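Visitor: Build me a structure from this.
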Amino acid sequence: MSSQYVISRRIRETRQQLGISQAQLARPELSDSYISLIESGSRVPTPAVLEIIATKLGCSVDYLLHGISSEDSARLKSGLDTAQELLKTGAREEARRKFAELLADPDIAHVPELQHEGEYGLALATEACGDLDEAIRILVGLRERHLDSLSDDQRIGSALALCRCYRDSGETDLAIEVAEREISAMLGKGWTDHLIELGATLLSTYYVRGDLLRAEQYATDLLAAAEALGTSRAIVAANWNAAILAELTGRYEEALTRIERAWSIQSVSGEPRNRARLHVEYTSMRLRIRPEEAAACRDELLETEVELRNSAASTLDLAYCQYLLGWAEVELGNADKAVEYALEAIRLVGESNTEILAQAQVLLGRAYQMLGRVDEAAGAIDVATKVLTKEPATRTTAEIWLMAAAVLQNVGDQEGSRLAYQRAMECGGV
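Guide: Sure, this is the predicted structure:
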């Protein structure tokens with residue numbers, strides 16, 4: 001049933017309930033025949049005409065459009081705005097409850113655009129709370145039920161969030177399928193900021209899966225599209241992920257140049273969550289390529305941690321930030337502080353992301369080894385290796401195995417170190 005048919009029926013039924021004729025409803029501003037055409041669904045009333053009809057019927061335009069009063073429509077919109085603001089400012093659990101309350105209101109079904117925004121917001125809040133499986137369920141349901149009625153931004157946004165959740169939960173094939181299908185469907189309308197950001201998320205999934213050749217090819221196309229579009233958002237998104245790819249393939253100076261370009265733009269104009277996430281990635285890259293900058297990186301990460309907590313960033317983002325703070329402290333020789341940060345990263349991540357969990361456990365083992373707490377170091381590495389054996393072979397898991405091998409060697413477990421090194425070579429394709 002089309003929305004126009006519903007509006008036409010609502011006008012006719014309200015007029016009949018009031019006991020007035022089409023002529024009475026029409027005159028003097030409109031003609032009898034025009035009202036007849038509207039009620040039959042043959043004419044679409046303009047906003048100005050809807051205002052005239054609503055006034056004469058003693059109802060609101062919102063009622064004619066949605067079947068609810070202006071007060072109820074305003075109440076729902078206010079609830080949505082509140083939930084979105086809670087999420088933006090880092091109140092993840094509260095935002096999740098608020099979105100759920102909004103969607104439980106029976107009136108929300110009368111305003112599809114608010115319902116769609118509410119379901120999307122609930123998915124983002126659920127993701128921010130670290131519950132990726134539930135976020136995926138919500139996003140899949142939203143797209144299955146309402147895809148044809150979503151706006152372009154809602155379609156792309158829901159695909160981007162779904163791709164990201166699949167990627168972060170290890171389902172890279174599903175992430176790629178979602179993103180490729182959506183980009184193919186929308187690209188005929190031309191590149192937009194939002195579509196470039198979806199492309200950047202797809203690029204990240206290619207290299208997370210270890211498909212570096214495909215990633216290289218796609219990065220070239222995406223960077224060209226971003227430059228042609230010429231907007232800050234597009235340039236940031238493309239260069240951010242192209243920088244990570246450049247580092248993965250050993251082009252370290254290019255990696256730093258690209259991420260510094262992205263950060264120079266994002267630091268002054270970016271949305272808080274993405275600004276904080278990019279700053280984390282920037283400091284992470286500097287820790288790997290320029291470990292002599294560990295003190296500066298630590299100080300910047302401490303500032304970024306506050307930004308993450310006060311934005312819509314997820315617990316995974318916070319856990320990774322804690323891991324990097326611990327890494328910086330190891331580089332600075334502060335093993336006690338590194339232990340604190342590693343334990344906090346482990347607490348935050350739980351079992352929602354095994355990659356970050358394994359990294360944090362290896363970091364914990366390294367810090368314990370520096371403190372001479374050999375048994376605890378071996379125990380942390382044992383947890384990490386049990387996690388890693390269940391992970392697919394990627395360049396990232398290869399790097400974690402290598403770090404584990406170094407810790408095992410330092411605590412005197414030569415056989416364990418050899419086996420970890422062998423697993424690293426297998427994951428790296430050697």
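
Visitor: and Leu388, how far is that from Ser204?
Guide: For Leu388, the distance to Ser204 equals 21 Å [Cβ to Cβ, to the nearest Å]. Yep, even glycine has a C-beta here, placed from its N, CA and C like the rest.

Visitor: Spit out the contact partners of the residue most central in space within the chain.
Guide: The C-alpha lying nearest the average C-alpha coordinate of the chain belongs to Ala161 (Cα atoms, centre = their mean; 4.5 Å). Taking Cβ atoms under 8 Å, 6 or more residues apart in numbering as the criterion, Ala161 is in contact with Tyr120, Ala123, Leu124, Glu127, Ala135, Leu139.

Visitor: How about Arg96?
Guide: Arg96 sits next to Leu122, Ala125, Thr126, Ala128, Cys129 when contact means Cβ under 8 Å, 6+ apart.

Visitor: So for it, what's the nearest residue that isn't a sequence neighbour?
Guide: Nearest residue to Arg96 in three dimensions, chain neighbours excluded: Ala125, at 4.0 Å (Cβ to Cβ, 6 or more residues apart in numbering).

Visitor: Which helix or strand contains that neighbour?
Guide: Under DSSP states H and E, the secondary-structure element containing Ala125 is helix 112-128.

Visitor: quick one: buried residues of that helix?
Guide: 114-128 (16 or more other Cβ atoms under 10 Å).

Visitor: What is the nearest of those residues to Leu212?
Guide: Glu127 (26.8 Å; Cβ to Cβ).

Visitor: where does the closest residue to that closest one other than its chain neighbours land on pLDDT?
Guide: In space, not counting the residues next to it along the chain, Glu127 is nearest to Ala135; the distance is 4.0 Å by Cβ to Cβ, 6+ apart. Per-residue pLDDT puts Ala135 at 97.

Visitor: my guess is Ala135 meets Cys163, correct?
Guide: No: applying Cβ atoms under 8 Å, one finds Ala135 not in contact with Cys163, separated by 11.8 Å.

Visitor: thinking again about what came up before, identify the residues contacting the helix or strand that comes right after the helix holding Ala125?
Guide: Later in the chain than helix 112-128, the nearest helix or strand by DSSP H and E is helix 132-146. With contacts defined as Cβ under 8 Å, 6+ apart, helix 132-146 is touched by 112, 116, 119-120, 122-124, 126-127, 150, 155, 158-159, 161-162, 165-166, 168-169, 352-353.

Visitor: Residue ranges in the stretch 251-400 of the chain under the pLDDT threshold?
Guide: Scanning the stretch 251-400 of the chain for pLDDT under 70 picks out no residues.

Visitor: Could you verify my assumption that Arg275 touches Gln266?
Guide: Yes: between Arg275 and Gln266 there is a contact under Cβ under 8 Å: 5.2 Å.

Visitor: Which of those two has more residues huddled nearby?
Guide: Using other Cβ atoms under 10 Å as the criterion, Arg275 and Gln266 rank with Gln266 on top: 25 against 22.

Visitor: what's the distance between that one and Ile259?
Guide: Distance from Gln266 to Ile259, by Cβ to Cβ: 10 Å.

Visitor: Could you name every residue contacting both of the two?
Guide: With Cβ under 8 Å, 6+ apart as the test, Gln266 and Ile259 both reach Trp240, Leu278.

Visitor: related to what we said a few turns ago, including distance to Leu102 and pLDDT, could the contacts of Arg96 go into a markdown table?
Guide: As requested, the contacts of Arg96 are arranged in a markdown table below (distance: Cβ to Cβ, whole Å; pLDDT from 0 to 100):
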| residue | distance to Leu102 | pLDDT |
| --- | --- | --- |
| Leu122 | 8 | 97 |
| Ala125 | 11 | 96 |
| Thr126 | 14 | 96 |
| Ala128 | 16 | 92 |
| Cys129 | 17 | 92 |
